[in-house]
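# Just the structure for this:
(2 chains)
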Amino acid sequence: MFRSLFQLIFEAIASKRFIYIFCCFFIFAQSLLAQEKFTVLKQKRILFILDASGSMNEKWNGLKKWNIAVSNLSSLIDSFTRKNKDVEIGIRLLGHQFSKEHNICTDTKLELPFANSHTKKDVEMQIGKYTPKGNTPLAYALEQAEKDFQNVEQYENTIILITDGVENCFGMPCEVAQKLTSKRIVISPYIIGLGIDTSSFYKLECIGKFVDVRDKDAFSKVVKSILTEVSLRTTLDIRFFNTSKQQIFNIPFSLYDKRSGLDIYNFIKTQSPRIDTIHLNSQYRYRLEVHTLPEYIVEDLNIIPGKHNVIDIPLNIANFEILNIDKSYSNLFVIKSDSNSLNHFWDGNLKPNYQSQSSLKSYVLSVPYLYKDSLTISEEAPVLFHQPSKSTLQLKLASTNFQVSLLDEQYQWIMDVSYTEIPQKIDLISGNYILVFKEKVKKLSKTKQHLLFLKENQTYNYLIQ
Amino acid sequence: MQLKKAILFFLFLILNLKIQAQDTCADNSEDLYRVLFIVDASYSMDRKWNGQSLWDISHKMVEEFSFYLQKNYNVEQGLRVYGHRSPLSANDCLDSHLEIPLGKNNATRIVKKLKSLSFKGSTPLAYSLERAADDLGCNSHKNLIVLITDGYETCSQNPCEIVRKLLDYRISVKPIVIGLNVEQKDIESMNCIGDFYNVKNKEEFKRDLYASFEKVANQRTLSVFLKNKNKDTSETHVPFVLFDKKNNAIGSFIHSLAANAKPDTFWIGNFDTVSMKVYTKPQLEFKNIPLKKHVHNLVKVETPQGRLDVWFDTIIVNNNNFNDRVEALIYQKEKIVYRSFLPFKVDLLEGNYTLDVLTAPIYSVPLTIKANKYSSQHIEYPASISISKTFAMIGDLYRYEGKRLRKIGTFQPNRNKEVFYVSKGQYKIVYRSQKSMTLYGSFEKTIKVSPREVISIVL
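Numbers count the residues shown, from 1 in each chain, chains lettered A, B, ... in the order given. As a prediction, the model looks like this:
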């Protein structure tokens, strides 16, 4: 992970990608209703959380880490804000107000509020006036950062944590970071380590993307590349094609953030001839799930940050069709796969989009139920069911004491009829049936049998006595 | 609560055993025949054939036949006579008495008794048949009634009706009726009693009496014992059907053992073998069961059942509780062996099953049923999500499984309302206007569902 991030960063620098000027534009939902909301492309906010604990007084080539950090940040921010008016930057410090002897674990403050116009001077004035001296309450600082991000929904928020040590206030930075991510307050944070000893890497890697630097130049490079990455605009088109290479629409899909596992976007592909462009955050790795049955999954979408990405998904989907459908009739059917990866029931009227597959078992929940196995469904060969013909049997039971079973003409058991639902109205597939019943009385009684000949679309009444 | 149920069930088992332990059958040998003679001693028996009164002919015939049976069969015999105590003028319709109760080596006693009686009174035929049920008492053997009568029911009861009831309650009784030149108008009511022979003289009487008995004796009888592991009594309330070799159904039966621990006896005609379908869940089939002649066949089959109780807590959410019925399926391998609405109780054969509750997604649990054991399966109370659409839209309902969305329902384009039965959990609706031209026209709604909640959403 460590290495791949570096590669990414260097690639980004090498390719000298444009930093897009991020104009705020609106995409209107083409809706019938005025109250349907429209989506706004988000402004960006970057919060630096800078360690000002005592250890920042350590020196690299004769310069204090603190001074290296402040001077680099102030010039980088200065040049960045000149070009990126759509990005607001703020700085929170930790460990800068109380010296270590006080052992204060709540020592953190937003010292530079968000603005898109901070200059070198602003940063030097607001931040440079402090000297590092205190504890390292990383978790607490991250937690407090939540308050810095007002109107969370309207922004894409990023945290860049710069520290030379690990938590020393018994907080749980990993959990706090996870919480921030799951609340969608920030996108996974970046952590820049300033010469952190290797044994502590794992403690920081759980927070977000972690990179450790050992000198002034590396620090400057990394900050620059992160800023670039955040500011770059990444877009995506997902297109679905059937087996004859025609584009298909109305396909629901979700994009999940790989890191947090959260569903970031849930969309239904439109029939629009316009391009359905999704605006991505370049800091995410995305997992795509197309909601067919079962899902079509791309574990890690190959997204190039700062580019317009087009991803074509070949689908082979089909639906079960019921012919001559009578909607007043129960058309429930259960579909199972051999491996049991699929086990669901659908109203036969619906088209849930099955992925092409074989070895399916289907149960039409008529009375009696119908069973088919070894079904193969695909776009080229959708599976057709003929709706079974229906008769209605109305049973009346003379008393609560009857035990009644319904058999088919081959004497296969179909169902028991209980007194609790009277009169028992049963929709049956037309045909011949046998009722076997007996009165449950104290003395022995004779078992009786009655044959039923049920013709299509007819209702039969029978009194059990 | 579960413990209470288990205790109740256990108590029920004990009580059941106690009741069924009483058995009125003294002799349990398989080849035993039990014959009750019902002899008419009404006034009309004074009619004569070749100078001999019908009464004399009858009791001589019974005498001879009774000794014949005693010599050739393992038999218990008894005697009921009617019309012999009160004169005709008294019109005593209760004049029917069990003179000799059923027992071994009774021939001499029966003959002596008959000799001591004289004919004089009414013909309470129906009443006699009614009482015969108690005379025979034991239901698990080959019970026969040999009724000798000249036919005039004088007590204005309908013998057919009585016999129908008798057969309803004592299905193992086989009545043979020897009619002594019964008038044409009475034949119909005699026919309905049992195997009916209308004899016109002594020779026919003798011939038909012996022949009819042989015919019945040749029929196979069997009792079916549905064995549930260590229990001594047969399973009850399980229907079964017997088939002949050509797979034609011989008859359908449901055991109800009542006070008698023995399963019912069935007379099924002259079949060497039968096959049988037993409607446990799942149903069982037994092929080519051999049946012996002259012997009562006890067919024992293993039907080890246990009871499954699928239940949910009665939760009151508010005044809008979910009350719709949700179906559940029980599979064994690929077959659906039982379907029912929740909650339910069912007896299943010992084995492994899968219970699928038809909420979306299907809630699936493996089940193991053990013989004579009570298994309880708790189900979270289902809930519903109903969605009213105010414009033409497409959309789907998803359930969160961990953080992943799993599609569990799809909107039907031409419906104004969708109802989904679900279980507790976190759900999401993703929908978009049919006419929407951009992805960003897709909207979503997250819903948290508690058990038995009815959630209504307007989109």
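# Chain neighbours aside, what residue packs nearest to residue A:304?
Spatial nearest neighbour of residue A:304, chain neighbours left out: residue A:234 (7.6 Å); criterion: Cβ to Cβ, 6 or more residues apart in numbering or on different chains. Where you see a C-beta, it was placed from the backbone N, CA and C, and this is true even at glycine.
# quick one, what contacts the one you found?
By Cβ atoms under 8 Å, 6 or more residues apart in numbering or on different chains, residue A:234 lies in contact with A:279-282, A:303-307, A:309.
# Verify the stated contact: residue B:386 with residue B:455.
Yes. Residue B:386 lies in contact with residue B:455 (Cβ atoms under 8 Å); the separation is 7.1 Å.
# The two: which has the busier surroundings?
Taking other Cβ atoms under 10 Å in any protein chain shown, residue B:386 and residue B:455 do not tie; residue B:455 has more neighbours (18 against 13).
# wait, is that one part of a strand?
Yes. Under DSSP: H, G, I helix; E, B strand; the rest coil, residue B:455 sits within a strand.
# what pairs with it across the strands?
Using DSSP bridges, the beta-bridge partners of residue B:455 come out as residue B:385.
# quick one: it and residue B:387 touch, right?
No. Contact criterion Cβ under 8 Å: residue B:455 and residue B:387 do not qualify, at 9.0 Å.
# For the residue nearest to residue A:304, give its distance to residue A:309.
Distance, residue A:234 to residue A:309, using Cβ to Cβ, to the nearest Å: 7 Å.
# tell me, what's touching these two both at once?
Common contacts of residue A:234 and residue A:309, defined by Cβ under 8 Å, 6+ apart, comprise A:280, A:303.
# Tell me how many other residues surround residue A:395.
Count around residue A:395 with other Cβ under 10 Å applied: 23.
# give me the element it is part of.
Using DSSP states H and E, residue A:395 maps to strand A:390-397.
# ditto for residue A:157
Counting by DSSP H and E, the element that carries residue A:157 is strand A:155-163.
# show me where chain B has helices.
Ranges of helices in chain B, per DSSP state H, are B:2-21, B:54-72, B:107-116, B:125-136, B:159-169, B:184-191, B:202-218.
# So if we follow the domain assignment, how does the chain break up?
Just going to use chain A. Structurally, chain A divides into domains by automatic domain parsing as follows: A:2-231, A:234-315, A:318-386, A:390-464.
# oops, chain B please
If you go by automatic domain parsing, the domain ranges for chain B are B:33-218, B:222-303, B:306-373, B:383-458.
# Let's have the ones you listed in JSON lines, adding mean pLDDT.
Formatted as JSON lines, the domains of chain B follow (pLDDT from 0 to 100):
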{"stretch": "domain B:33-218", "mean pLDDT": "85"}
{"stretch": "domain B:222-303", "mean pLDDT": "82"}
{"stretch": "domain B:306-373", "mean pLDDT": "90"}
{"stretch": "domain B:383-458", "mean pLDDT": "89"}
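# which parts of the stretch 351-459 of chain B sit against chain A?
B:356, B:358, B:360-362, B:364, B:390-392, B:394-396, B:398, B:402-408, B:410, B:412, B:428, B:430-433, B:435-444 (Cβ under 8 Å from any Cβ of the partner chain).
# Buried by neighbour count, from the residues you listed: which ones?
Buried members of those, counted by 16 or more other Cβ atoms under 10 Å in any protein chain shown: B:356, B:358, B:360-362, B:394-396, B:398, B:404-408, B:410, B:428, B:430-433, B:436-444.
# Of the helices of chain B, flag the one that's most buried.
Among those, ranked by average contacts under mean count of other Cβ atoms under 10 Å in any protein chain shown, first place goes to helix B:125-136 (a mean of 22).
# can you tell if that one touches chain A?
No. No part of helix B:125-136 sits near chain A under the criterion Cβ under 8 Å from any Cβ; the closest distance found is 8.9 Å.
# Specify the angle between that helix and helix B:184-191 in degrees.
Relative orientation of helix B:125-136 and helix B:184-191, computed by axes from the mean of the first three to the mean of the last three Cα atoms, to 10 degrees: 20 degrees.
# name the helices or strands packed onto helix B:125-136?
Applying 3 or more Cβ pairs under 8 Å, 6 or more residues apart in numbering or on different chains; DSSP states H and E, one finds that helix B:125-136 makes contact with strand B:33-40, strand B:75-82, strand B:96-104, strand B:142-149, helix B:159-169, strand B:173-180.
# Of those, flag the one that's most buried.
Comparing the helices and strands packed on helix B:125-136 by mean neighbour count (mean count of other Cβ under 10 Å), strand B:142-149 ranks first with a mean of 26.
# Nearest to residue A:430 among the helices of chain B would be which one?
helix B:159-169 (32.5 Å; Cβ to Cβ).
# who in the stretch 101-250 of chain A is up against chain B?
Counting by Cβ under 8 Å from any Cβ, the stretch 101-250 of chain A sits next to chain B at residue A:250.
# Does the closest residue to chain B within the stretch 101-250 of chain A belong to a helix, a strand or coil?
Nearest to chain B in the stretch 101-250 of chain A, going by Cβ to the nearest Cβ, is residue A:250, at a distance of 5.8 Å. When classified by three-state DSSP, residue A:250 comes out as coil.
# what number of residues lie near it?
By other Cβ under 10 Å, 15 other residues sit near residue A:250.
# And for residue B:225?
Here the number of neighbours of residue B:225 (other Cβ under 10 Å) works out to 18.
# Then the one 4 residues further on?
Residues within reach of residue B:229, counting by other Cβ under 10 Å, total 14.
# List the contacts of the nearest residue to it once chain neighbours are set aside.
Nearest-residue entry for residue B:229: residue B:371, 4.1 Å, with adjacent residues in sequence omitted and distances by Cβ to Cβ, 6+ apart. Contact analysis of residue B:371 by Cβ under 8 Å, 6+ apart lists B:228-229, B:304-306, B:350.
# For the spatially most central residue of chain B, give its distance to chain A.
The centroid of chain B falls nearest to residue B:254 when counting by Cα atoms, centre = their mean (2.0 Å). Look at residue B:254 and chain A: by Cβ to the nearest Cβ, to the nearest Å, they are 4 Å apart.
# what's the closest of the helices of chain B to residue A:318?
Proximity to residue A:318 (Cβ to Cβ) singles out helix B:2-21 among those, at 45.8 Å.
# which residues does residue A:334 contact?
A:343-345, A:362-363, A:365, B:329, B:356, B:358, B:362.
# redo that, cut-off 6 Å
A:345, A:363 (Cβ atoms under 6 Å, 6 or more residues apart in numbering or on different chains).
# try the one 4 residues further on
Residue A:338 makes contact with residue A:359 under the criterion Cβ under 6 Å, 6+ apart.
# what does the model give it for pLDDT?
Looking at residue A:338, its pLDDT stands at 77.
# For the residue nearest the centre of chain A, which residues count as its bridge partners?
Closest residue to the average C-alpha location of chain A: residue A:263 at 1.7 Å, with Cα atoms, centre = their mean. For residue A:263, the beta-bridge partners are residue A:256 (DSSP bridges).
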